[in-house]
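>>> the following block contains a protein sequence and its predicted model.
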Amino acid sequence: MNEYVNLAYDYPLLGAFWTVLWIVLWVSWFILLFRVIADIFRDDTLSGWAKTGWLFFTILLPFLGVFVYVLARGRSMGSRERRHLQAQQEALDHYIRETAGGTGRKSEADELMKLSEIRARGDITDEEFRRAKEKILH
């Protein structure tokens, strides 16, 4: 028993590697667990009872529940995620358009006001003003 035994953990670099590996695996596991739970709530095709069943299965038996969920419904998780991200992007774009001043198209009154300013400066004639005004109003 007095013999010195070389184990993998006796080497500090290898011990650090195993520690980092376990931390990465645990973080990956929790990311997968939370993505599955988010996907359960996000899926509109599941009924309330089905969502409850998947949640209980995932929470009570997490490893088995997550792996069964990924095997059974994992193929469509990506498409649900894409639809969710597209809906978020559309909502953000809509909010930005509203906040920035509408659809980007100026109202007729704004265009007529600018047109009258151009005429007042003398950059266009009365005939050009009349034609531009008719174009705006029709």
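Sure, I can see it.
>>> residue nearest the middle of the chain, spatially speaking?
Note on the chain: the residue nearest the mean C-alpha position is residue 85, at 3.3 Å, using CA atoms, centre = their mean.
>>> check which element follows the helix or strand hosting it along the chain.
According to DSSP states H and E, residue 85 maps onto helix 77-101. Per DSSP H and E, the first helix or strand lying C-terminal to helix 77-101 is helix 108-121.
>>> distance from the next helix-or-strand element following that next one to the middle of the chain?
Per DSSP H and E, helix 108-121 leads on to helix 126-137 as the next helix or strand towards the C-terminus. Put simply, helix 126-137 sits 46 Å off its chain's centre (CA atoms, centre = their mean, to the nearest Å).
>>> which neighbouring elements make contact with helix 126-137?
Using 3 or more CB pairs under 8 Å, 6 or more residues apart in numbering; DSSP states H and E, the elements in contact with helix 126-137 are helix 108-121. (Glycine included, C-beta is placed from N, CA and C.)
>>> got the CA coordinates for the helix it packs on in CSV?
Taking C-alpha atoms only, helix 108-121 is exported to CSV below (Å, rounded to 0.1, in the frame of the first residue of the first chain):
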residue,chain,number,x,y,z
GLU,A,108,-50.2,64.0,-49.2
ALA,A,109,-50.2,67.1,-47.0
ASP,A,110,-46.4,66.7,-46.3
GLU,A,111,-45.7,66.4,-50.0
LEU,A,112,-47.9,69.4,-50.9
MET,A,113,-46.2,71.5,-48.3
LYS,A,114,-42.7,70.6,-49.7
LEU,A,115,-44.0,71.3,-53.2
SER,A,116,-45.3,74.7,-52.2
GLU,A,117,-42.0,75.5,-50.5
ILE,A,118,-40.2,74.6,-53.7
ARG,A,119,-42.5,76.9,-55.7
ALA,A,120,-42.1,79.7,-53.2
ARG,A,121,-38.3,79.5,-53.6
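>>> thank you, goodbye.
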